[in-house]
Each structure stands twice: as structure tokens, then as C-alpha cells.
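K.L.:
The sequence and its predicted three-dimensional model are supplied below.
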Amino acid sequence: MLIAAEEKFYRQRSRVLWHHLGDRDTKFYHKTVIQRAHCNHIHFLKTENDVVIGAFEDIKAHSVDFFASTLGSTSLPESLCFVGQIQDLLPFRCSDLQCCYLKRKVAEVEIKNTLFAMPLDKSPRPDGYSIEFFRSSWSIIGKDRKKEQHLFKWVDEALLDEIQSMHEQQSRIAEEIEDLRSSLKKTVKEAVIEHKKLGDVGLIGSILTILCLSSKFV
């Protein structure tokens, strides 16, 4: 049992999909894993100034800085590419019929067939579940998976536009409330100064109460 588990482990690591389990080719898989690790190893990086970085820690730090400045910034100096450039590289355009087909409601049988057509021994999802798990437990979790896929149909352009409109309305309301609050504070402050000269202590107390309530609830 341990031998079979070891064989399956190294087959997954080797990414050999054309070979079947059961031939006890653990040595072959292990050799393939070493070859893949050698091919995937980054020996050096060259910066935009043609500086070669070879140390492991320097490569790691440079990679983090590069992607942080590229993907983690919303104000790049210039766009990497434009829609027109991509359209020139990809002249294909979907027809109206193809667009309707892409926008159609996904059938439940299509979801199942797509999942069962995925190759086995692939890396698991971020939640740790593999394709083998979904296949073996499809009779239990199939309905939930179908509901999850259909949820994406609700997030369309109309809904996104509605969300954007709601955010804009909330921003305008917040600005109006802030203006009203500032105006109320100014009015109350002037009234306090005026009635303080007249010695109307009771009215001053009422005005201060209004000011406190406006600061708390507005």
C-alpha cells in the first residue's frame, strides 16, 4: 500500500499523464521530477539595466519588487498595451450567434461534463479539494456546484452598473449631509455667540444640545 502511494505521489509530481499507475515505475517518475525541477529552476534574472542577478535571495527580492510595482500599482506611467493593439494581434471577432451562445444559461449537464473531462492528478484547488474528490462525491455536492456556477450569471453589466450608481448616490448623499452638518454648526455657533452676550443661559443650553445631537446622528 505504501509502495502504491509512493508511486502515485511521484507520478503527480512528475506531471506524466500518458502513463498509467500500477507498473511500479517510481524510479522513472522520480527521475522525471528531478528533470522538471532542473528545467523550472531560475538560474538568473536580468534587470532592465542589463544587470545579472544570480543569488537566490536577490532573485526572490527582485521578483517581488517587479510584480509589486507592476500589479500592485493603479497609477502606472503608461499602459502596457491598448485595446486596439490587442485587436490588431487577434483579428478574430465573435459573430452575433456566437455572442448569444456565450451569454446563454449554462446547462447542468454541461457543468458536470466539463468537470468530469478534467484530467486527474492535477494540483488541488485553493480549498485543498482535487478533481478526484468532486468526481467521487458528485452525487452529494453536485447540486451545490451547479448553484455556484449559476451565480456568475447574476453578475452582469447591468448589475455592475447598478452597483456603481448606488455608490455614486451614496457619495452625493454623504457630501450633502456633510454640507448640512457644517452649515448647522456655523449657524448654531453664531447663535451661541449672540445669545451669550444677552445672557440667555437656557437658550444657550438648548442650542448646545442641538449641536451635540447633530454631531452624533448626522
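P.N.:
That came through fine.
K.L.:
And the strands in the chain?
P.N.:
Ranges of strands within the chain are 45-46, 52-53, based on DSSP state E.
K.L.:
Out of the ones you listed, which is closest to Arg36?
P.N.:
strand 45-46 (20.1 Å; CB to CB). Just so you know, the C-beta spots here come from the backbone N, C-alpha and C atoms, and that holds for glycine as well.
K.L.:
Glu7: neighbouring residues, count only.
P.N.:
20 (other CB atoms under 10 Å).
K.L.:
same deal with Ile53?
P.N.:
With other CB under 10 Å as criterion, Ile53 counts 17.
K.L.:
before we move on, what about Glu108?
P.N.:
Neighbours of Glu108 (other CB under 10 Å): 15.
K.L.:
Distance check, it against Leu115.
P.N.:
11 Å (CB to CB, to the nearest Å).
K.L.:
Ok, Ile140 next?
P.N.:
14 Å.
K.L.:
ok, those two, which is more surrounded?
P.N.:
A count of neighbours by other CB under 10 Å puts Leu115 above the other of Ile140 and Leu115, at 15 against 8.
K.L.:
Can you tell me the closest non-neighbouring residue to that one?
P.N.:
Spatially, and ignoring its direct neighbours in sequence, Leu115 is nearest to Phe134 (5.9 Å; CB to CB, 6 or more residues apart in numbering).
K.L.:
Please tell me I have it right and that neighbour contacts Ile111.
P.N.:
No: Phe134 lies out of contact with Ile111 (CB atoms under 8 Å); the separation is 10.8 Å.
K.L.:
picking that back up, from Glu108, how far off is the residue nearest to Leu115?
P.N.:
With CB to CB as the criterion, Phe134 and Glu108 are 14 Å apart.
K.L.:
follow-up on the earlier one: Leu97: which of the strands of the chain is closest?
P.N.:
strand 45-46 (46.6 Å).
K.L.:
partners of the closest one in the sheet?
P.N.:
Using DSSP bridges, strand 45-46 pairs in its sheet with strand 52-53 (antiparallel).
K.L.:
What average pLDDT does the strand it pairs with get?
P.N.:
Mean pLDDT, strand 52-53: 90.
K.L.:
Domain boundaries for this protein, per the record?
P.N.:
101-152, 157-217 (automatic domain parsing).
K.L.:
quick one: buried residues of stretch 65-72?
P.N.:
Neighbour-count burial for stretch 65-72, counted by 16 or more other CB atoms under 10 Å, picks out no residue.
K.L.:
Take the strands of the chain and lay them out in JSON lines including distance to Tyr129.
P.N.:
Shown next, in JSON lines, are those (distance: least, CB to CB, whole Å):
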{"stretch": "strand 45-46", "distance to Tyr129": "35"}
{"stretch": "strand 52-53", "distance to Tyr129": "38"}
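K.L.:
Which one, of the ones you listed, ends up nearest to Gly128?
P.N.:
Nearest of the strands of the chain (CB to CB): strand 45-46, 31.7 Å.
K.L.:
For this protein, name the helix or strand with the lowest mean pLDDT.
P.N.:
Using mean pLDDT, DSSP states H and E, the weakest-scoring helix or strand in the chain turns out to be helix 201-217, at a mean of 52.
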